[in-house]
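Novice: Following is a predicted model, sequence given first.
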Amino acid sequence: MTGSDVPPSFRLAYVPGVTPTKWVRIWNERLPDVPLTLVGVSAAEAFDTLRGSGADAGFVRLPVDRADLSAIPLYTETTVVVIPKDHLVAAVEEVSTEDLADEIVLHPLDDVLGWETLPGRPAFERPATTADAIELVAAGIGVLVVPQSLARLHHRKDLTYRTVTDAPESRIALSWPEERTTDLVEEFIGIVRGRTVNSTRGRPPTPPQPKQRKAGAAKSGAAKSGAGKSGAGRTGAKPGAGAGGKATGKTSGKNPRGGSAAPKAAKRGKPRRRP
């Protein structure tokens, strides 16, 4: 197959915690002939995947290097602390980082919050992944502060989570290589931004259709107008009319008072006798 023979397709990367189901459904409704393939990547791998043509666009975590990648920030996630269900913190709805001062706060190598100063007490060793850290929380080794989406992703029946009011937050964005802003990328941007199916962004506008009825009516009216003018030229003038359209006294057939112009015949009487 040549490049022009390859059917169009769209590859969408997404980092853990992002659920692209809604946008994929809309894509399939609007572009059923263009298959969309999901590509799951870690937060650290997402940008290399986009740069290396592993995906056309992707849901990533900010910040994004704007030197070669475009990005549209979408939403900011709530930060929570994951704890065992029988932990003291489970008795409240939210906590601050100061409330975790006496806790061992796990800090996995794939952390996405970008702490300047981690709260609580550090563990002896950093877990390799967030999933590993969740296992340590379940074992009672410590607690874990993560975006709420990751807490839901790694949900366990024996664990719960509570909001941390003053912790760093993670922001999700749609990103793609700036030099590869294709029509399909524009189409997906429109879906994410909530544009309607009739939007012209990313697709050529539909040419306006000629108004057949009005055009036909105009032609009909013009024909009637022409017929009226022509008819007036043939039948509008009265017999005997001059060049100005007014009847002359010689040929009008009527006198100025409206009577007949022809002389009345003289009445015959008896002949007068001569004296």
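Specialist: Looks like it came in fine.

Novice: Pretty sure Leu36 sits against Arg25.
Specialist: No. Applying CB atoms under 8 Å as the test, Leu36 and Arg25 come out as separate, 10.0 Å apart. (C-beta placed from N, C-alpha, C; glycine too.)

Novice: ok, these two, which is more surrounded?
Specialist: Taking other CB atoms under 10 Å, Leu36 and Arg25 do not tie; Leu36 has more neighbours (18 against 12).

Novice: With Glu178 as the reference, measure out to Asp99.
Specialist: From Asp99 across to Glu178, the span is 43 Å (CB to CB, to the nearest Å).

Novice: low-confidence ranges in this structure?
Specialist: Within the chain, the stretches with pLDDT under 70 are 1-6, 199-275.

Novice: Could you say which helix or strand holds Leu38?
Specialist: strand 36-40 (DSSP states H and E).

Novice: Repeat that for Asp48.
Specialist: Secondary structure from DSSP H and E places Asp48 in helix 46-51.

Novice: Show me what the helix or strand that that helix is followed by is packed up against.
Specialist: Counting by DSSP H and E, the next helix or strand C-terminal to helix 46-51 is strand 57-61. Strand 57-61 is packed against strand 10-14, helix 46-51, strand 171-177, helix 183-192, with contacts defined by 3 or more CB pairs under 8 Å, 6 or more residues apart in numbering; DSSP states H and E.

Novice: would you turn those into JSON lines with distance to Ile141?
Specialist: Listed next are the helices and strands packed on strand 57-61 as JSON lines, based on distance: least, CB to CB, whole Å:
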{"stretch": "strand 10-14", "distance to Ile141": "30"}
{"stretch": "helix 46-51", "distance to Ile141": "29"}
{"stretch": "strand 171-177", "distance to Ile141": "29"}
{"stretch": "helix 183-192", "distance to Ile141": "39"}
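
Novice: Of all these, which one comes closest to Trp115?
Specialist: Among these, strand 171-177 comes nearest to Trp115, with 15.4 Å by CB to CB.

Novice: what number of residues lie near Leu153?
Specialist: 16.

Novice: Same question for Asp183.
Specialist: Neighbour tally, Asp183, other CB under 10 Å: 10.

Novice: And Ala101, by the same measure?
Specialist: Ala101: 11 neighbours (other CB under 10 Å).

Novice: wait, it sits on Val143?
Specialist: No. Between Ala101 and Val143 there is no contact under CB under 8 Å: 11.7 Å.

Novice: and for the two, which residues touch both?
Specialist: Shared contacts of Ala101 and Val143 (CB atoms under 8 Å, 6 or more residues apart in numbering): Gly120.
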